[in-house]
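Enquirer: could you look at this predicted model? Sequence included:
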Amino acid sequence: MRFQIIDGFRGFFLFFMVWMHSAAVFHSDLHYISHHSLGWVEDAQGFVFFSGLVIGLVFMKRLVKSGERGLWALVRKRVKTIYIAHLLVLVAAFVALWVAGADTRTDMFTYFAQAPFGNVLAGVFLMGRITYADILPMYLVFILFTPAALYLVLEGRTMLLLAICFALWGGAQTGVVEFFWRKLGDVSGLTEDGVRLGIFFNRFAWQALYFGGLAIGANMALGRFDPAMFKDPKWRPVAMVCLMLAGLFAGCDLLQTIMGLEAEQERNILDSVYVANFLADLGIMTWLLTAGLSDGNAVLRTVAHAFRRLFTWRPLVFLGRHSLQVYAWHAIGLWLLALAVGPTEALSQLDRAILVVAMSATLWPVAWLNARWQSFRAMRRAGGQSVPAE
């Protein structure tokens, strides 16, 4: 059940990430149908956090069972898988633009078309980005530092790991990383040539979510942390504070949207409001999915069971189990679809809605194909015996 819920969360965040990206590309009003106007917890935050949690669970078990050699074998395998997915996205974007022509007016190509080869090369060296695929180059760096983080947890120094994460996040708030990329682009002349250095997500800021999740997952694998502890009645007041804070954040964000106020929060550096809101939501959701299921308050109990049904819904769990491949596809698919459709000014809102729904619906066939591929590879390793897919 624990992995099922975690995969369900990843599937939920992945689906709405694609939904919102598609709505942005095609300028559809369907972007209003999401949780994004109910606070500053967006899909990338949850996706990164739960990916770190899964890595912490799986990689710590491998470290304990197989030692350092087994851990590094898993790290190399994961890095290879992510980097291949990253390269596929880069190549797909380059080829798509080459076929469509550099004069395309599709919004997604505004910067990329200025220097396609240079932007792809920057991406190959993890120094550039491709629209809607920023998480992949970020993950690659995080995975490389994962063994060091796991050893800190194994040695009982989780608080030191979290302190390092906090310090790096704090440093990111100064804007020094963005300043470095701008200076490097100016000095090298790459900016003038149309090459955009750096990715949208500041790695020094967003590592806090990944390694925070990793710390929790690794301690779960070691038996040092069990979410069932929140069933203790002493945690109920804490959960109620988290609920009030989550409600406050949701109300403020909704009011900001209704009044049309300019957002001052900086998502790329994971502004403090994003962190505080995420912790509040994480606190109340953890409590609901543990203690809330048997709480004396009928409303909270009903909400808790509704959330459990949602995050254990098989279609979302299935997406979560194939999240990397589906994420890579969504970037490729959006580029191809945007090029095929072209400028959206002449499209009706119905046409745009159909495009958003169609793009979002492609996630499950891609997940199914990846499951078949995994099953085929497992069957070959097993010597031709049938191995069921996930």
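Expert: Yep, it's here.
Enquirer: convert the C-alpha atoms of the lowest-mean-pLDDT helix or strand in the chain to PDB, please.
Expert: Between all helices and strands in the chain, the lowest mean by mean pLDDT, DSSP states H and E belongs to helix 116-124, at a mean of 85. C-alpha atoms of helix 116-124 as PDB (Å, rounded to 0.1, in the frame of the first residue of the first chain):
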ATOM      1  CA  PRO A 116      19.100  25.200 -32.300                       C
ATOM      2  CA  PHE A 117      22.500  23.500 -32.400                       C
ATOM      3  CA  GLY A 118      23.900  25.700 -29.600                       C
ATOM      4  CA  ASN A 119      21.000  25.200 -27.300                       C
ATOM      5  CA  VAL A 120      21.100  21.400 -27.900                       C
ATOM      6  CA  LEU A 121      24.800  21.400 -27.200                       C
ATOM      7  CA  ALA A 122      24.200  23.300 -23.900                       C
ATOM      8  CA  GLY A 123      21.600  20.800 -23.000                       C
ATOM      9  CA  VAL A 124      23.900  17.800 -23.700                       C
END
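Enquirer: that one packs against which elements?
Expert: helix 43-100 (3 or more Cβ pairs under 8 Å, 6 or more residues apart in numbering; DSSP states H and E). Just so you know, the C-beta spots here come from the backbone N, C-alpha and C atoms, and that holds for glycine as well.
Enquirer: where does the stretch 51-200 of the chain dip in pLDDT?
Expert: 100-111 (pLDDT under 70).
Enquirer: for L30, what are its contacts?
Expert: For L30, the contact set (Cβ atoms under 8 Å, 6 or more residues apart in numbering) comprises 19, 23, 352-353, 356-357.
Enquirer: cool, T257 as well?
Expert: Contact analysis of T257 by Cβ under 8 Å, 6+ apart lists S37.
Enquirer: distance from the one helix or strand it maps to to the middle of the chain?
Expert: Taking DSSP states H and E as the definition, one finds T257 inside helix 236-258. Per Cα atoms, centre = their mean, to the nearest Å, the displacement of helix 236-258 from the mean C-alpha position of its chain is 22 Å.
Enquirer: repeat for stretch 144-157
Expert: Taking Cα atoms, centre = their mean, one finds the center of stretch 144-157 at 22 Å from the center of the full chain.
Enquirer: swap in stretch 33-45?
Expert: In this view, stretch 33-45 has its centroid 12 Å away from the chain centroid, taken as Cα atoms, centre = their mean.
Enquirer: quick one: contacts of that stretch?
Expert: So stretch 33-45 is contacted by 13-14, 16-17, 19-20, 135, 201, 209, 246, 249-250, 253-254, 257, 265, 267, 270-271, 273-274, 277-278, 281 (Cβ under 8 Å, 6+ apart).
Enquirer: only the buried subset of those residues, as a PyMOL command please.
Expert: The PyMOL command for the buried members of these (criterion: 16 or more other Cβ atoms under 10 Å) is given here:
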select buried, resi 13+14+16+17+19+20+135+201+209+246+249+250+253+267+270+271+273+274+277+278+281
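Enquirer: low-confidence ranges in the stretch 201-350 of the chain?
Expert: Scanning the stretch 201-350 of the chain for pLDDT under 70 picks out 260-264.
Enquirer: what comes up buried for the host helix or strand of F16?
Expert: Taking DSSP H and E as the criterion, F16 maps to helix 2-25. Going by neighbour count (16+ other Cβ under 10 Å), the buried part of helix 2-25 is 4-25.
Enquirer: repeat that for stretch 121-138.
Expert: So, applying 16+ other Cβ under 10 Å, buried residues of stretch 121-138: 121-123, 126-138.
Enquirer: same thing with stretch 47-65?
Expert: Residues 47-63 are the ones in stretch 47-65 that count as buried (16+ other Cβ under 10 Å).
Enquirer: got the CA positions of it in CSV?
Expert: The C-alpha trace of stretch 47-65 is given here as CSV (Å, rounded to 0.1, in the frame of the first residue of the first chain):
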residue,chain,number,x,y,z
PHE,A,47,7.0,15.2,-8.5
VAL,A,48,10.5,16.0,-7.3
PHE,A,49,9.8,15.3,-3.7
PHE,A,50,8.2,11.9,-4.2
SER,A,51,10.9,10.9,-6.7
GLY,A,52,13.5,11.6,-4.0
LEU,A,53,11.4,9.6,-1.6
VAL,A,54,11.3,6.6,-3.9
ILE,A,55,15.1,6.9,-4.6
GLY,A,56,15.7,7.0,-0.8
LEU,A,57,13.7,3.9,-0.3
VAL,A,58,15.0,1.8,-3.1
PHE,A,59,18.7,2.9,-3.1
MET,A,60,19.1,2.6,0.7
LYS,A,61,17.8,-0.9,0.6
ARG,A,62,20.3,-1.7,-2.1
LEU,A,63,23.1,-0.1,-0.1
VAL,A,64,22.3,-2.1,3.0
LYS,A,65,21.9,-5.4,1.0
